[in-house]
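In: sequence unavailable; structure follows:
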């Protein structure tokens, strides 16, 4: 029995553990959500990683991001994540790409040997392109919806994008992805309406950019306000995402609510077609 993962093997069995160790998983975005995705996957025995994030750890990440400590401020998130994975599992293979994903990079980053992709980025144009390109290549994918301006981690659930309600980011993606031919997408989203934030506070210092908050600009050119965040919400979202990846890789996928299911009915709480509270990763 592989001692570091002995308890995992007791739960899943030796064959499924070997499947995890042979799998290559990509995580795009290593912010509040993505950092915990990496943690969950590393501790389950995933053997090969592709980590994509352009950002450096900032002091304002300390309230919620696993990779952020006083010792890691200023360092590239991909490097910090790689070190953490190898401290857990020295046998893991970790491919780091310190780049901002944007349309046009799919051919460079989405290799044929990827077994699964986790989308934990927030820039709307990049998120849309990554989803479309991953599906076009037949790569299994799960996408994180808004985690910002949320205070109740128990309201997050796994569903098909077209069966979601309430979440402004999910609503926007439904509107944008349907014309692009995306008819199904596994997501983790919250049914908690986004909470209002204190708009009177000045902009945050440091590098709070796209991997941590929806930084798309309005048509007027005005940047949307950064969402509020707290320690325990993105952590829960990241672990739910990691759990879904593991279940799918070992053949224990669950049946998701689909359009037409009662959970998919639109409600007044969905609000307008705007990602203003799309949320932070």
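Out: Looks like it came in fine. Quick caveat, the model's predicted, so the values are computed rather than measured. Numbering: from 1, shown residues only.

In: what's the single longest helix in the chain?
Out: What stands out as the longest helix in the chain, according to DSSP state H, is helix 232-249.

In: if you count neighbours, what's buried in that one?
Out: Neighbour counts over helix 232-249 (16 or more other CB atoms under 10 Å) mark 233-246, 248-249 as buried. C-beta: built from backbone N, CA, C; applies to glycine.

In: report the distance from that helix to the chain centre.
Out: Centroid displacement of helix 232-249 relative to its chain, using CA atoms, centre = their mean, to the nearest Å, is 9 Å.

In: so who does the closest residue to residue 23 other than its chain neighbours touch?
Out: Leaving aside its chain neighbours, residue 23 sits nearest to residue 115 (4.4 Å; criterion: CB to CB, 6 or more residues apart in numbering). Contact partners of residue 115, counting by CB atoms under 8 Å, 6 or more residues apart in numbering, are 23-25, 140, 249.

In: the closest residue in space to residue 24 that isn't next to it in sequence: what's it in contact with?
Out: Once flanking residues are discounted, residue 24 sits nearest to residue 48: 3.9 Å by CB to CB, 6+ apart. Residue 48 sits next to 22-25, 92-95 when contact means CB under 8 Å, 6+ apart.

In: who are the contact partners of the residue nearest the centre of the chain?
Out: Residue closest to the mean C-alpha point of the chain, counted by CA atoms, centre = their mean, is residue 120 at 2.4 Å. Residue 120 makes contact with 27-31, 33-34, 37, 144, 211, 238, 241, 281, according to CB under 8 Å, 6+ apart.

In: in helices, which of those fall?
Out: 34, 37, 238, 241.

In: so the last one makes contact with residue 118?
Out: Yes. With contact defined as CB atoms under 8 Å, residue 241 reaches residue 118; the gap is 5.6 Å.

In: residue 160 pairs with what?
Out: Applying DSSP bridges to residue 160 yields these beta-bridge partners: residue 186.

In: all strands of the chain, in order?
Out: Assigned by DSSP state E, the chain shows strands spanning 24-28, 48-52, 93-97, 116-119, 141-144, 156-160, 186-190.

In: can you pull out the helices in the stretch 51-200 of the chain?
Out: Residue ranges of the helices in the stretch 51-200 of the chain, as given by DSSP state H, counting those that start in this stretch, are 77-88, 106-109, 124-136, 168-177.

In: end to end, how far does stretch 139-159 reach?
Out: 18 Å (CA to CA, to the nearest Å).

In: buried stuff in that stretch?
Out: Neighbour-count burial for stretch 139-159 flags 139-150, 153, 156-159 (criterion: 16+ other CB under 10 Å).

In: average model confidence for it?
Out: Stretch 139-159 comes out with an average pLDDT of 97.

In: correct me, but residue 177 touches residue 187?
Out: No. The pair residue 177 and residue 187 does not pass the contact test of CB under 8 Å, sitting 10.8 Å apart.
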